[in-house]
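**Q** Okay, predicted coordinates and the sequence, questions at the end:
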Amino acid sequence: MAPAVKRTRDGKKKKKTSRAVTYTKSKAAPDHPIRKDSTFVGILRHHDFYKPDDVYKDNMICIYMVLKKLKSNKSSSLERTVSYLNFMYLMDNHLKTMAEVVLDEMNIKARPVQLPSQADKYFLTLPKKDLETWKSTAELQVIFGCSILVMFKNISTHSYMPFMTTRIDAMKAKAGIGRGTELKVPFSEKVAEGLNYELGASPNVKEYLIEYVLEKANYSTRLGTLCKYLLSILAFAEMTSFVILYKTLLVPNSPVLDIAELGAEVHLLHETYCAIASTEYPQFFKFYEGKTRTHLLNKNRWPLLLDIAMLIMIEEGTSTTLGNYVPASRVKRSTFKDFCVGIHARKQTRVRNKKLKIALSYLTGVSRFEMMSSSEEEEEPEQEEDVEDDQEGEEE
């Protein structure tokens with residue numbers, strides 16, 4: 001069947017009209033130094049990866065440029081991500097592998113730029129001030145420590161600045177910086193949140209950083225002392241639910257663990273505990289074993305036990321250690337949970353009373369001994385005087 005012929009309103013056959021499309025050749029763009037070797041248009045200045053011409057002379061220039069880009073409000077999240085990895089690379093060449101792996105993982109093709117030799121080629125403005133007095137090595141180490149903490153800290157509006165300020169004061173002391181030297185938080189809340197979002201989800205970043213800190217903590221240097229402090233902060237990071245159960249129920253051997261209704265959750269908790277205890281670094285289980293056994297730390301494995309443990313902490317007045325993990329008002333109470341809390345409290349009271357009795361008996365024994373020894377010392381001089389009186393009487 002032939003296709004229907006299109007006609008006009010008058011019944012006449014409609015003529016075909018061709019639309020002529022004209023193409024105009026645009027002038028070929030001149031070779032641009034930024035795009036000359038690019039594989040796609042996205043490789044622009046914000047993908048630059050700074051490297052010094054001379055590690056000993058020009059490294060500070062690269063660090064200044066990287067930190068400037070990190071703090072700039074005009075920088076995109078991608079710029080800050082590359083700048084963060086660039087900063088870690090500049091601070092220690094041992095983190096070069098981490099930077100390369102993460103960039104490849106995120107499909108970011110960073111282009112190396114040698115400074116200061118290639119600054120004019122890529123239209124970069126170098127600092128005119130003297131960088132030798134800009135930041136000391138100790139101050140850069142503190143900023144480096146803050147960069148590590150950003151990857152592991154849950155960024156929140158009300159806790160980020162107080163947390164970082166307190167940690168900076170402690171790290172200044174570890175790095176040998178005097179109290180008179182003012183050192184502000186290097187990254188704003190917005191920058192820290194962006195870095196944590198972009199890189200914090202990558203297990204490679206955290207694993208590399210933990211391994212680096214563990215290695216440097218073995219050295220008796222200021223950086224080693226700083227890394228030891230960082231290890232104390234990072235221990236059991238992102239394992240809050242397990243830590244609460246461990247401290248509240250496992251350590252005191254709470255009778256709550258013997259309740260039949262909680263048997264299934266207790267079994268799962270025991271499985272997690274055995275897995276963590278079998279590793280070389282239990283405090284960093286999340287970052288070493290989390291890739292394959294993340295489910296072991298899922299708080300949904302023991303919801304009742306966790307609620308009971310948090311209610312116990314609230315009753316004992318230790319709920320402030322929860323930080324911003326969960327507000328006390330969100331823990332739902334029930335008759336069964338209150339019953340478990342009561343059993344735990346009664347046992348803890350008996351344990352405390354027993355320890356108190358032992359302590360009192362010990363202290364009473366010590367006091368009696370001291371009284372006896374002191375009384376004997378007082379009686380000895382009197383006996384000597386009596387002996388002398390007897391001798392005098394015999395002579396007479």
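**A** Thanks, I have it. Please read all numbers here as calculations on a predicted model, not as lab measurements.

**Q** Point to the residue nearest the middle of this protein.
**A** Of all residues in the chain, the one closest to the mean position by Cα atoms, centre = their mean is Phe152, 2.4 Å from it.

**Q** Distance of that one relative to Ile314?
**A** As defined by Cβ to Cβ, to the nearest Å, Phe152 lies at a distance of 26 Å from Ile314. For every residue, glycine as well, the C-beta is placed using N, CA and C.

**Q** same deal with Met98?
**A** Met98 is 41 Å from Ile314, where distance means Cβ to Cβ.

**Q** next one: Tyr160
**A** Applying Cβ to Cβ to Tyr160 and Ile314 gives a distance of 25 Å.

**Q** So which of those two has more stuff around it?
**A** More neighbours sit around Tyr160 than around the other of Tyr160 and Ile314, counting by other Cβ atoms under 10 Å; the figures are 19 against 16.

**Q** Was I right to think Leu311 contacts Lys337?
**A** Yes - counting by Cβ atoms under 8 Å, Leu311 sits close enough to Lys337 to count as a contact (5.9 Å).

**Q** For the two, indicate the residue with more neighbours.
**A** Summary of the neighbour comparison: Leu311 and Lys337, criterion other Cβ under 10 Å, with Leu311 having more neighbours (22 against 18).

**Q** Can you verify that one is assigned to a helix?
**A** Yes - going by DSSP: H, G, I helix; E, B strand; the rest coil, the assignment for Leu311 places it inside a helix.

**Q** quick one: pLDDT of it?
**A** Per-residue confidence (pLDDT) for Leu311: 92.

**Q** just for the stretch 51-200 of the chain, where's the confidence low?
**A** For the stretch 51-200 of the chain, no stretch is flagged by pLDDT under 70.

**Q** Can you show me the helices along it?
**A** Counting by DSSP state H, counting those that start in this stretch, the segments of the stretch 51-200 of the chain that form helices are 55-71, 77-91, 96-105, 137-152, 160-175, 189-199.

**Q** and the third one, what other elements does it pack with?
**A** Using 3 or more Cβ pairs under 8 Å, 6 or more residues apart in numbering; DSSP states H and E as the contact test, the elements touching helix 96-105 are helix 77-91, helix 203-216.

**Q** on contacts alone, who are the packing partners of the first one?
**A** Contact analysis of helix 77-91 by 3+ Cβ pairs under 8 Å, 6+ apart lists strand 48-52, helix 55-71, helix 96-105, helix 137-152, helix 189-199 as its packing neighbours.

**Q** No further questions, thank you.
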